[in-house]
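K.L.:
Here you go, sequence then predicted model.
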Amino acid sequence: MMLSKKLLFHLEELLSESIVSSVPLSGGDINEVYLLQTHQRKLVVKLNSISKFPGMFEAEAKGLQILKKTTTFTVPEIILVGAFYDTAFLILEYIASDHKSDDFWSVFGKKLAMLHQNSSSIFGFEKDNYIGSLPQYNSTCDSAYEFYITQRLQPQFRLAKQNGFTFSDLDTFYQVIQNEIPEEKPSLIHGDLWSGNYMIDKNGFPCLIDPAVAYAPREMDIGMMHLFGGFDSTLFQVYNENFPLADNWKERLPIWQLYYLLVHLNLFGSSYYNRVKEIVESYK
């Protein structure tokens with residue numbers, strides 16, 4: 001999988017523009033990412049293998065589209081989604097990065113609160129998508145705890161077992177956290193909101209990329225944001241002023257972080273095992 005001359009020519013035909021240059025960008029373990037320069041504009045193209053990750057870019061495009069419709073955050077425009085033999089491609093608007101505005105974290109908090117106020121009658125999403133390179137399931141559920149347990153935790157625990165990691169008495173764990181999860185309406189969440197999945201746009205405001213969206217418990221985004229850090233406390237203060245979280249939300253952070261730690265366990269291995277086990281044992 002690479003940006004070959006044949007693929008470049010194919011993209012030029014689809015865009016009806018000549019590509020003057022292509023420069024590799026950092027894109028993580030899953031995708032190859034390039035900055036394309038045409039005579040008219042700059043674009044970003046992401047490439048991966050259709051056979052390894054079927055439907056990944058269609059799912060990403062759908063997530064970006066639904067985030068954009070909320071008119072909360074800056075989100076890159078989708079230019080093209082397609083395939084060339086086994087290479088899938090997603091072409092996006094290039095977002096020029098700038099410095100944070102003075103009120104960046106306050107704006108981020110307000111925008112996230114506005115995003116999470118977009119709701120649905122049921123938890124889930126119209127299609128399954130991906131979390132990193134792993135499938136993420138979005139079958140519809142009536143309650144927050146049912147969605148979180150059946151669509152988030154159980155698939156990851158099954159995969160962890162296949163990978164050789166064992167956990168005892170998960171049924172008891174599920175029963176305990178069922179009583180901890182607040183009964184709130186579903187929120188449209190980014191779904192993978194760590195510090196690498198936002199940029200700073202030309203106005204100095206946050207721009208969201210690489211979503212793993214669903215109508216889900218909004219504390220999932222909050223939990224992920226606290227897991228690896230990189231977000232100023234002002235953001236959460238302003239968020240709570242605009243859309244207050246249920247009481248004791250800080251104490252619930254490990255419940256939501258468990259999903260993302262399981263994903264990391266299944267992707268990167270045993271260094272995450274003890275932390276996952278600690279959280280499970282603490283809720284029995």
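P.N.:
That came through fine.
K.L.:
contacting residues around Phe236?
P.N.:
Gly109, Ile222, Met225 (C-beta atoms under 8 Å, 6 or more residues apart in numbering). C-beta here means a position set from N, CA and C on the backbone, and glycine is covered the same way.
K.L.:
Within the helices and strands, which one has it?
P.N.:
helix 233-242 (DSSP states H and E).
K.L.:
Go through whichever helix or strand comes after that helix and flag the buried ones.
P.N.:
The helix or strand immediately downstream of helix 233-242 is helix 249-268, counting by DSSP H and E. The neighbour-count check on helix 249-268 (16 or more other C-beta atoms under 10 Å) flags 249, 252-267 as buried.
K.L.:
for stretch 74-85, same thing?
P.N.:
In stretch 74-85, counting by 16+ other C-beta under 10 Å, buried: Thr74, Val75, Pro76, Ile78, Ile79, Val81, Phe84.
K.L.:
if you average pLDDT over stretch 244-256, what comes out?
P.N.:
The pLDDT scores in stretch 244-256 average 98.
K.L.:
distance between it and the chain's centre?
P.N.:
20 Å (C-alpha atoms, centre = their mean, to the nearest Å).
K.L.:
Kindly report the same for stretch 44-52.
P.N.:
17 Å.
K.L.:
What residues of the helix holding Phe236 count as buried?
P.N.:
Leu235, Phe236, Val238, Tyr239.
K.L.:
How about stretch 20-27?
P.N.:
Neighbour-count burial for stretch 20-27 [16+ other C-beta under 10 Å]: Ser22.
K.L.:
For this protein, which segments count as helices?
P.N.:
With DSSP state H, the ranges of helices along the chain come out as 5-15, 56-69, 104-116, 144-147, 154-162, 170-180, 219-227, 233-242, 249-268, 273-282.
K.L.:
And the ones you listed: which comes nearest Ile131?
P.N.:
helix 249-268 (5.4 Å; C-beta to C-beta).
K.L.:
Report the inter-axis angle for the closest one versus helix 219-227.
P.N.:
80 degrees (axes from the mean of the first three to the mean of the last three C-alpha atoms, to 10 degrees).
K.L.:
what's the angle from helix 249-268 to helix 170-180?
P.N.:
Using the same axes, to 10 degrees: helix 249-268 against helix 170-180 is 140 degrees.
K.L.:
which strands and helices sit next to helix 249-268?
P.N.:
If you count contacts as 3 or more C-beta pairs under 8 Å, 6 or more residues apart in numbering; DSSP states H and E, helix 249-268 packs onto strand 134-136, helix 154-162, helix 170-180, helix 219-227, helix 273-282.
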